[in-house]
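Asker: Pasting a predicted model and its sequence here:
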Amino acid sequence: MGALLDDVSPMIYLDYAATTPLSLAALAAMQPYFSNMFANPASLHSGGRAANAALEKARTTLACCVNAESPSTITITGGGTDGSNLVIAGLAQRWEADTDPSDCHILVSAIEHEAVLNPALALHKRGWQLTVLPVTPTGHVSVDALERALQQSLHQPNAQKTLVSIMHANNEVGSLQPIQALASLAHQYGAVFHTDAVQTVGKIPVDVQQLGVDYLTWSAHKHYGPKGVGALYTAGGALTPAPLLLGGGQENGLRSGTVNVAGAVGVATALEECVAAQPKSFARLEMLTQHLRDGLESLLCPCPLVINTPADDSIPGIVHVSVLGNSFPIQGESLLLQLDLLGIAASSGSACHAVALEPSRILHAMMVGENSDRALTSEELARATGTIRFSMGHHTTQQDVDALLAAFPKALNRLMKTAPTMSGVH
Ligand code: PLP
């Protein structure tokens, strides 16, 4: 386990897809911008110019890390939610200046993060056409499904403006989408293409030019950078979204507000470090992922397990599992709490609302496919309810995975003993 985690608690941390610890190099690089180099990067004095130089250096580093054409294509944002909202709501504002909302169309996959899904639903509420693309049983968007949806869109009487937003990798099951093919197809139909790459930047090579996307958004805290900062790539020639924040016109007018220089330095340092370590860390994570998958498959558990993360076309580091209760449905959250008591930090992977624990909408989409109105069978419902996600990162060791494999049947056995109480959660 990494020093940062050891200092905080002796937990085995297997929730890297939720957030990562800040890299020590990023922390050191950020520190001066909280103290002696605190000046506003928009100030004309020498302190301001020094802060601005650090900001522009960070932008150049970010552009290099994702192979963007130039630093000017990179906007510093407040993270993944901020960036995706800026693209979707900002483009909507531009298009609606000369197009009726009912002639605008947004297509998203059924497994998008809420950072994309909710802005898309907001557009639909004000008249936009919305298509939610189905996914395959492995959690992938097929090029054929997008083509069918785009063809249908063309047949709409006044369809004029079309935005496709499909995530690079899913945060729950880790499925990796064929973005290059999807973006190229969208362009053939005159649509513009955005991808939420929060779960891939820093973990696998991300080359915006090779992917051929118009917009790509990501977040620092998923790749050992600070929370509350991220970046947006806007391809040269793509329409600049309208700003959602109006003010001093920072970031080329796209995102007003004094720029978070320390955050920008942090995201750039962390990403540069991840990219440099990528060949090694990728291979290590692949090995750990396989070790965990093999271990889970051969575990003697009181009830059957299903691994939902596809073996192919997925990012390394994520293993999402369903536990199928024999006599009563298992709640992923209950299992999570039992594992927590045994010193393992994971995530249920499903949306936990204030009053109700809901089945995973990602698994729901994977099971119903094109038949989105179909109700789940009781077995499918159990699979979508008893979910748990383990996500590994730079500090995860094989011993951590072995400790999880030892704790998992214990946690399940404890859960089975509390069956009467747990079933009352429903
Ligand atoms: N998109 C995906 C795929 C994510 O996993 C997350 C965070 O969990 C977000 C967007 C939101 O990013 P942020 O926390 O930086 O707003």
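Answerer: Received it, and whenever you're ready, just let me know what you need.

Asker: D313 against T136, yeah?
Answerer: No: under the criterion of C-beta atoms under 8 Å, D313 makes no contact with T136, lying 10.1 Å away. Quick note: C-beta positions are derived from backbone N, CA and C, even for glycine.

Asker: And the residue lying closest to Y16 once chain neighbours are set aside, which helix or strand is it part of?
Answerer: Spatially, and ignoring its direct neighbours in sequence, Y16 is nearest to G393 (3.4 Å; C-beta to C-beta, 6 or more residues apart in numbering). Element membership of G393 [criterion: DSSP states H and E] is none; it lies in no helix or strand.

Asker: how close does G393 sit to the ligand?
Answerer: Distance of G393 to the ligand, given as C-beta to the nearest ligand atom, to the nearest Å: 14 Å.

Asker: list the contacts for that residue?
Answerer: G393 makes contact with Y16, T20, Y224, L285, G317 under the criterion C-beta atoms under 8 Å, 6 or more residues apart in numbering.

Asker: Next: K203.
Answerer: By C-beta under 8 Å, 6+ apart, K203 lies in contact with A169, K222, H223, C274, F282, L285, I315, P316, G317.

Asker: Tell me where the protein has strands.
Answerer: 12-13, 74-77, 104-109, 129-133, 161-165, 192-196, 215-219, 230-234, 305-307, 318-323, 344-345, 387-391 (DSSP state E).

Asker: between the ones you listed, which gets nearest to the ligand?
Answerer: Within those, the stretch nearest the ligand is strand 215-219; the backing value is 3.2 Å (C-beta to the nearest ligand atom).

Asker: Quick check: mean pLDDT of stretch 330-345?
Answerer: Stretch 330-345 shows a mean pLDDT of 94.

Asker: List the buried residues of it.
Answerer: Residues of stretch 330-345 classed as buried by neighbour count (16 or more other C-beta atoms under 10 Å): I330, Q331, G332, E333, S334, L335, L336, Q338, L339, L342, I344, A345.

Asker: Can you pick out the ones from those residues that are in helices?
Answerer: Members of the buried residues of stretch 330-345 lying in helices (criterion: DSSP state H): G332, E333, S334, L335, L336, Q338, L339.

Asker: Adding distance to Q398 as columns, could you present the strands of the chain in CSV?
Answerer: Formatted as CSV, those follow (distance: least, C-beta to C-beta, whole Å):
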stretch, distance to Q398
strand 12-13, 12
strand 74-77, 36
strand 104-109, 34
strand 129-133, 38
strand 161-165, 37
strand 192-196, 31
strand 215-219, 28
strand 230-234, 31
strand 305-307, 19
strand 318-323, 14
strand 344-345, 15
strand 387-391, 14
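
Asker: which one of the ones you listed is the most hemmed in?
Answerer: Ranked by mean neighbour count, the strands of the chain are led by strand 215-219 with a mean of 30 (mean count of other C-beta atoms under 10 Å).

Asker: which residues are contacting it?
Answerer: With contact meaning C-beta under 8 Å, 6+ apart, strand 215-219 is reached by 66, 77, 79-80, 83-84, 86-87, 168, 192-198, 200-202, 206, 208, 229-235, 238, 241.

Asker: Mind doing that once more with 6 Å?
Answerer: Strand 215-219 has contacts (C-beta atoms under 6 Å, 6 or more residues apart in numbering) with 79-80, 83-84, 87, 194-198, 201, 208, 230-234.

Asker: Poorly predicted segments of the stretch 51-200 of the chain, please.
Answerer: 155-159 (pLDDT under 70).

Asker: show me where it has helices.
Answerer: Taking DSSP state H, counting those that start in this stretch, the helices of the stretch 51-200 of the chain run over residues 80-96, 114-125, 143-154, 179-188.

Asker: same check, this time on the stretch 201-350 of the chain
Answerer: Under DSSP H, counting those that start in this stretch, the stretch 201-350 of the chain gives helices at 208-211, 261-297, 332-341.

Asker: And the residue nearest to I166 when sequence neighbours are not counted, how far from G78?
Answerer: Once flanking residues are discounted, I166 sits nearest to S109: 5.0 Å by C-beta to C-beta, 6+ apart. For S109, the distance to G78 (C-beta to C-beta, to the nearest Å) stands at 24 Å.

Asker: So which bits of this protein are right by the ligand?
Answerer: G79, G80, T81, H113, A115, M167, N171, D196, V198, Q199, S219, G230 (C-beta under 6 Å from any ligand atom).

Asker: Number of residues surrounding the fifth one?
Answerer: The number of residues packed near A115 is 22, by other C-beta atoms under 10 Å.

Asker: So it is in contact with G79, correct?
Answerer: No: the pair A115 / G79 is not scored as a contact, 8.7 Å apart, by C-beta atoms under 6 Å.

Asker: How about the contacts made by V265?
Answerer: By C-beta under 6 Å, 6+ apart, the contact set of V265 is A29, M30, Y33, A54, A58.

Asker: which of those residues tops the neighbour count?
Answerer: A58 leads the contacts of V265 on contacts (other C-beta under 10 Å) with 29 neighbours.

Asker: surely that residue meets A268?
Answerer: Yes: counting by C-beta under 6 Å, A58 touches A268, with 3.7 Å between them.

Asker: gap between the spatially most distant residue from the centre of the chain and A403?
Answerer: Largest separation from the mean C-alpha position in the chain: H45, at 39.0 Å (C-alpha atoms, centre = their mean). Relative to A403, H45 is positioned 54 Å away (C-beta to C-beta).

Asker: How many residues are close by the nearest residue to Q199 once chain neighbours are set aside?
Answerer: Nearest non-adjacent residue to Q199, counting by C-beta to C-beta, 6+ apart: A169, 4.2 Å away. When neighbours are counted by other C-beta under 10 Å, A169 registers 25.
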